[in-house]
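> let me see the structure of the following:
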Amino acid sequence: MTEALSARAIDFGYPSRPLFQSFSFDLQQGEFAGIIGPNGAGKTSLLNLLSGARRPRRGTVFLLGEDLTRLAARERARLLAVVPQESHVLFPFSVLEVVLMGRFPHLGILGMESDGDERLALRCLAEVGLDHTAARPVHTLSSGERQRVFLARALAQEPRILLLDEPTTFLDLKHRLRLYEVLSRLHRERGLTILTISHDLNLAGRYCRRLCLLKDGAVLARGSPEEVLTPERIREAYGADVEVARDPRSGAPFIIPYPMPEAGGAP
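Down below sits the predicted model:
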């Protein structure tokens, strides 16, 4: 496989806290990978660097072999789409209008959508189970529904690479599973390269083929879910005691957490 995204020897941090130092990362084309780790580990910062939303102080991010900083915004948007953890729409656009915004990188000089663009946007809404909401104002939807609209908008870009920051934050159990099933199908049928941040270790272990476990801006472990999701690694990263079982249907690792004993208390 060849690299879809890669970071080479990047330095990045905040005034009060350095984060990445000579850090490297790669995402292969056709891969479905996940970034996991505790709060403050650098997950969202890494996604922002890989998408071009932020620039490293040193080092380079490459998109399909090209220096990310040398690509025009429209060219980048044809290749790479991002679904942030939260998105806000300031005006009372309809759901369909929001999804059609994803067509911007493909529009001509006049910036007018065609009937084909509208059909594609409706198909993307159908992919996430919201085609029946196309005419509704987006602000009338629930948080979970809006998150699926923003996923449909990203799919309307027809990207080769999709980055997602905690895409299931506002979703109930049914729609968490549905979203990951959609992503899995797109990965399988279209060869879409996917990188997702997840706090849900069980979903990450079930759907991602490779995981990168971050802690304090460094890679604690990377590899298959079976290699990364071990009791020792999870305790080291999260300070939590767990048992790792196997999902009886998929065979994926399944995390069962246990409460940590109080300091000075009985084990």
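> quick one, strands of this structure?
Secondary structure of the chain by DSSP state E: the strands cover 3-14, 17-28, 32-36, 58-63, 66-67, 80-83, 161-165, 193-197, 210-215, 218-223, 241-246, 253-258.
> let's have these in a markdown table, adding mean pLDDT and distance to Gly129.
Backbone N, C-alpha and C define where each C-beta goes, glycine included. Listed next are these as a markdown table, based on pLDDT from 0 to 100; distance: least, Cβ to Cβ, whole Å:
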| stretch | mean pLDDT | distance to Gly129 |
| --- | --- | --- |
| strand 3-14 | 95 | 27 |
| strand 17-28 | 95 | 27 |
| strand 32-36 | 98 | 20 |
| strand 58-63 | 97 | 30 |
| strand 66-67 | 96 | 35 |
| strand 80-83 | 96 | 16 |
| strand 161-165 | 97 | 17 |
| strand 193-197 | 97 | 19 |
| strand 210-215 | 97 | 27 |
| strand 218-223 | 96 | 33 |
| strand 241-246 | 95 | 30 |
| strand 253-258 | 92 | 26 |
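> make TSV out of the ones you listed and add mean neighbour count.
Below are those laid out as TSV (neighbours: other Cβ atoms under 10 Å):
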stretch	mean neighbour count
strand 3-14	18
strand 17-28	17
strand 32-36	25
strand 58-63	18
strand 66-67	12
strand 80-83	23
strand 161-165	23
strand 193-197	24
strand 210-215	23
strand 218-223	16
strand 241-246	14
strand 253-258	15
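> closest to Thr140 out of these?
strand 80-83 (20.5 Å; Cβ to Cβ).
> as TSV, the strands of the chain with distance to Leu50 would be great.
Formatted as TSV, those follow (distance: least, Cβ to Cβ, whole Å):
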stretch	distance to Leu50
strand 3-14	5
strand 17-28	8
strand 32-36	10
strand 58-63	6
strand 66-67	13
strand 80-83	8
strand 161-165	6
strand 193-197	7
strand 210-215	12
strand 218-223	14
strand 241-246	28
strand 253-258	25
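> can you tell which of these is closest to Leu229?
So among these, strand 253-258 is nearest, using Cβ to Cβ, at 4.4 Å.
> direction included, what does that closest one pair up with?
strand 241-246 (antiparallel) (DSSP bridges).
> got a list of contacts for the partner strand?
229-231, 234-235, 252-260 (Cβ atoms under 8 Å, 6 or more residues apart in numbering).
> for it, list the C-alpha coordinates in PDB.
Extracted in PDB, the C-alpha atoms of strand 241-246 (Å, rounded to 0.1, in the frame of the first residue of the first chain):
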ATOM      1  CA  ASP A 241      -8.200  -1.900  34.900                       C
ATOM      2  CA  VAL A 242      -9.900  -3.900  32.200                       C
ATOM      3  CA  GLU A 243     -10.500  -7.400  31.000                       C
ATOM      4  CA  VAL A 244     -10.200  -8.000  27.200                       C
ATOM      5  CA  ALA A 245     -12.600 -10.600  25.900                       C
ATOM      6  CA  ARG A 246     -13.600 -11.500  22.400                       C
END
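> and it, how far out from the chain middle?
When C-alpha coordinates are averaged (Cα atoms, centre = their mean, to the nearest Å), strand 241-246 and its chain have centres 24 Å apart.
> tally of neighbours for Leu203?
Residues contacting Leu203 under the criterion other Cβ atoms under 10 Å number 19.
> my read: it touches Arg176, true?
Yes. Judged on Cβ atoms under 8 Å, Leu203 makes contact with Arg176 at a distance of 6.5 Å.
> overlap of the contact sets of those two?
Thr168.
> distance check, Arg176 against Ser22.
Computed as Cβ to Cβ, to the nearest Å, the Arg176 to Ser22 distance reads 36 Å.
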